[in-house]
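Trainee: I'd like to go over a predicted model; first the sequence, then the structure.
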Amino acid sequence: MKFWANSGIGGPLRRETHYGDRTMLCFADRPPTLAAMFDDLVARFGERPAIVDDRTLSYRELDAQMRRIAASLTGLGVARGDRVALFLGNCWEFLACTLACNRIGALLVPIGTRQRRAELEFLLNNSGAKVLVFEADLADQIPAPAEAPTLLHRFAAHGDAPRDADGARPFDDLLAASPADAPIAAMHEDDTAVILYTSGTTGKPKGAELTHLSILHSAYAFARAHELTEHDRGLVAVPLSHVTGLVGVSYATLAAGGCVVLMRQAYKTADFLALASRERITYSILVPAIYTLAAMHPEFERYDLSAWRIGCFGGAPMPVPTIEMLAKRLPNLQLRNAYGATETTSPTTIMPQACWRDHMDSVGQVVPYAQVRVIDADDNEAAPGEPGELLIAGPMVVPRYWQRPDANAKEFVNGFWRSGDIGSIDAEGFVRVFDRKKDMINRGGFKIFSAEVENVICGIEGVLETAIIGTPDPVLGERVNAIVVTSQKTTLTDRDIAAYCAARMSDYKVPESIIIRSEPLPRNANGKIQKTVLRETIAERAASYHPA
């Protein structure tokens with residue numbers, strides 16, 4: 001708490017009770033709903049830019065488009081509690097629909113555009129979505145009416161609407177209503193605003209219910225920690241369908257009255273640098289690999305990135321060579337780690353401004369209103385610095401999963417969410433995250449946390465990203481394997497990497513199998529590394545290996 005000021009957006013903290021019987025600290029000075037927040041922003045910053053996409057929309061222009069969509073949805077019979085699904089890329093229409101749903105009390109269901117037809121069918125039916133807005137060029141992935149019976153209205157954006165038996169209409173039809181006809185629903189801040197599906201690494205995805213309360217606190221936490229103002233420009237280079245893009249960047253930037261800059265096209269480093277330079281971005285949340293690719297780009301010096309002051313990251317360690325390169329080239333850029341999940345509406349921890357250079361192995365300090373417990377295998381509190389499962393509570397933690405009483409009973413205990421992550425909190429309050437509980441490796445009785453080994457390997461110049469995978473072994477229990485993504489110019493060998501690790505860690509932690517490749521690690525629709533796919537890669541390599 002000593003690192004977080006008791007003033008700023010959101011005001012002081014006070015104790016409140018929400019979601020039935022959960023007692024928590026909350027920002028005292030906050031709007032009651034997301035719709036009220038946006039109305040206030042329009043009143044204060046009406047002529048300032050709100051979104052940059054293929055065009056720039058001011059807060060007042062975005063408000064008008066949002067109200068047209070809200071009025072049209074209401075005209076279709078969409079009411080408080082109904083679900084509206086978005087199968088869209090990063091675009092102004094996505095955020096306008098989001099704000100429209102916030103206004104009329106509908107529940108937004110963002111779906112990543114990498115999802116395929118069977119996955120989309122499950123998500124639409126599980127959520128019971130009444131309306132779907134989708135990319136016209138993804139029409140072949142949309143389930144037929146008989147496969148999604150609750151879906152009554154379909155709208156295609158960014159292309160001709162396929163006017164066939166499925167009855168899809170052009171997105172412009174949603175803009176045909178008068179802004180003056182947009183109602184505003186009576187809502188409570190504990191109401192669900194967004195159903196955001198988890199990645200489904202251990203079965204079918206679960207729909208986390210993000211509320212007005214949880215989104216407001218997460219947006220305010222980022223805005224407050226990074227001191228965002230109306231002059232900031234937040235770059236969304238990750239999908240808006242992910243909690244990072246939607247809450248961590250978009251809602252956080254809007255909450256401060258800033259401008260959201262959308263990267264619409266598929267990621268390419270040159271396009272990313274050009275957009276960041278042209279739009280004078282000041283704030284981002286990215287995976288470390290993007291910072292590394294940017295720092296190593298041969299034409300980096302062509303781009304003016306001097307306005308960029310906050311480079312937040314998460315999900316993997318930041319390679320030391322990347323830190324050093326960016327420190328030289330962008331001395332005003334702070335690289336600040338953060339940790340969170342869909343279930344925590346993004347941030348649980350953020351690295352304080354004063355500490356980022358000296359604690360790069362940490363994911364920061366717990367945000368001021370949150371509680372994090374570290375428990376051992378017997379559910380006892382772990383000592384400072386000792387590893388255990390992280391249990392998380394606070395107004396940013398979702399109240400439940402959508403229609404999943406089994407998962408709710410298992411994962412929400414006494415107001416805390418069981419994260420499944422193994423980590424620690426030291427005596428100064430710095431949090432470290434070592435591994436997923438299910439991914440921890442046990443080699444001959446020694447416990448190995450993948451994050452520790454990944455941190456070491458990412459310190460090698462030329463390494464872009466890496467993943468440590470445990471595989472079964474009849475003698476030792478498990479063996480340590482590494483898949484390492486390197487830049488195309490590097491000459492690193494598996495022996496180089498093994499020697500580097502052996503000089504810096506215990507022998508039992510050194511990977512026994514190292515695969516070097518240039519293609520990025522596989523990630524699911526939420527951006528998480530798919531370790532199940534990598535295990536198959538390792539198994540295939542082992543099966544094809546025939547020693548002489």
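Mentor: Yes, it's here.

Trainee: Which elements pack onto whichever helix or strand residue 422 is part of?
Mentor: Here residue 422, judged by DSSP states H and E, is contained in strand 416-425. Judged by 3 or more C-beta pairs under 8 Å, 6 or more residues apart in numbering; DSSP states H and E, strand 416-425 is in contact with strand 371-375, strand 388-393, helix 405-411, strand 430-436. For every residue, glycine as well, the C-beta is placed using N, CA and C.

Trainee: Comparing the ones you listed, which yields the minimum mean pLDDT?
Mentor: Of all the helices and strands packed on strand 416-425, strand 430-436 carries the lowest average pLDDT, namely a mean of 90.

Trainee: Heading C-terminal from that one, find the next helix or strand.
Mentor: Assignment by DSSP H and E places the next element after strand 430-436 at strand 441-443.

Trainee: Check the offset of that following strand from the chain's centre.
Mentor: When C-alpha coordinates are averaged (C-alpha atoms, centre = their mean, to the nearest Å), strand 441-443 and its chain have centres 29 Å apart.

Trainee: do the same with stretch 96-116
Mentor: The answer for stretch 96-116 is 16 Å, by C-alpha atoms, centre = their mean.

Trainee: if we can go back for a sec, other residues contacting the strand holding residue 422?
Mentor: Strand 416-425 has contacts (C-beta atoms under 8 Å, 6 or more residues apart in numbering) with 341, 343-344, 363, 366, 371-374, 382, 384-393, 397-398, 410-412, 431-438, 440, 449.

Trainee: Next, the angle from it to strand 388-393.
Mentor: Orientation note: strand 416-425 sits at an angle of 130 degrees relative to strand 388-393 (axes from the mean of the first three to the mean of the last three C-alpha atoms, to 10 degrees).

Trainee: show me what contacts the closest residue to residue 153 other than its chain neighbours?
Mentor: Among residues not flanking residue 153 along the chain, residue 131 sits closest, at 4.6 Å (C-beta to C-beta, 6 or more residues apart in numbering). Each residue near residue 131 by C-beta under 8 Å, 6+ apart is listed here: 73, 76, 78, 82-85, 151-155.

Trainee: per-residue pLDDT, residue 131?
Mentor: Reported pLDDT for residue 131: 98.

Trainee: The one 10 residues further on too?
Mentor: Model confidence at residue 141, expressed as pLDDT, equals 94.

Trainee: One more: residue 203?
Mentor: So residue 203 comes in at 67 (pLDDT).

Trainee: same deal with residue 474?
Mentor: 85.

Trainee: Tell me how far it lies from residue 68.
Mentor: Noted for residue 474: a distance of 65 Å to residue 68, by C-beta to C-beta, to the nearest Å.

Trainee: which one of those two has more residues nearby?
Mentor: Neighbour tally, residue 474 and residue 68, criterion other C-beta atoms under 10 Å: the higher count belongs to residue 68, 22 against 5.

Trainee: Shouldn't the more buried one be within a helix?
Mentor: Yes: checked against DSSP: H, G, I helix; E, B strand; the rest coil, residue 68 lies within a helix.

Trainee: still on that earlier bit, just the contacts of residue 131 now: which is nearest residue 108?
Mentor: residue 84 (5.9 Å; C-beta to C-beta).

Trainee: Which secondary structure state does that closest one sit in?
Mentor: Applying three-state DSSP: residue 84 is strand.

Trainee: Show the contacting residues for it.
Mentor: Contacts of residue 84 by C-beta under 8 Å, 6+ apart are 73, 78, 97, 101, 106-109, 129-133.

Trainee: Please apply the same query to residue 260.
Mentor: Residues in contact with residue 260 (C-beta under 8 Å, 6+ apart) are 50-52, 95, 233-234, 236, 249-250, 253-254.

Trainee: Out of these, list just those in helices.
Mentor: Among the contacts of residue 260, the ones falling in helices (DSSP state H) are 95, 253-254.

Trainee: re earlier: distance to residue 350 and mean neighbour count added to the helices and strands packed on strand 416-425, as CSV?
Mentor: Below are the helices and strands packed on strand 416-425 laid out as CSV (distance: least, C-beta to C-beta, whole Å; neighbours: other C-beta atoms under 10 Å):
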stretch, distance to residue 350, mean neighbour count
strand 371-375, 13, 18
strand 388-393, 14, 22
helix 405-411, 23, 12
strand 430-436, 10, 22
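
Trainee: could these be laid out in CSV, adding distance to residue 268?
Mentor: Shown next, in CSV, are those (distance: least, C-beta to C-beta, whole Å):
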stretch, distance to residue 268
strand 371-375, 37
strand 388-393, 35
helix 405-411, 38
strand 430-436, 30
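
Trainee: Could you measure from residue 415 over to residue 391?
Mentor: To residue 391, residue 415 is 9 Å away according to C-beta to C-beta.

Trainee: and what of residue 456?
Mentor: 28 Å.

Trainee: burial count for residue 81?
Mentor: Count around residue 81 with other C-beta under 10 Å applied: 12.

Trainee: whoops, residue 324 was the one
Mentor: For residue 324, using other C-beta under 10 Å, the count is 12.

Trainee: Correct me if wrong, but it is in a strand.
Mentor: No: judged by three-state DSSP, residue 324 forms no part of a strand; its state is helix.

Trainee: Return the per-residue confidence for it.
Mentor: 87.

Trainee: And for residue 32?
Mentor: 96.

Trainee: quick one: it and residue 424, what's the gap?
Mentor: 37 Å.

Trainee: Those two: which has the busier surroundings?
Mentor: residue 424 (20 against 13).
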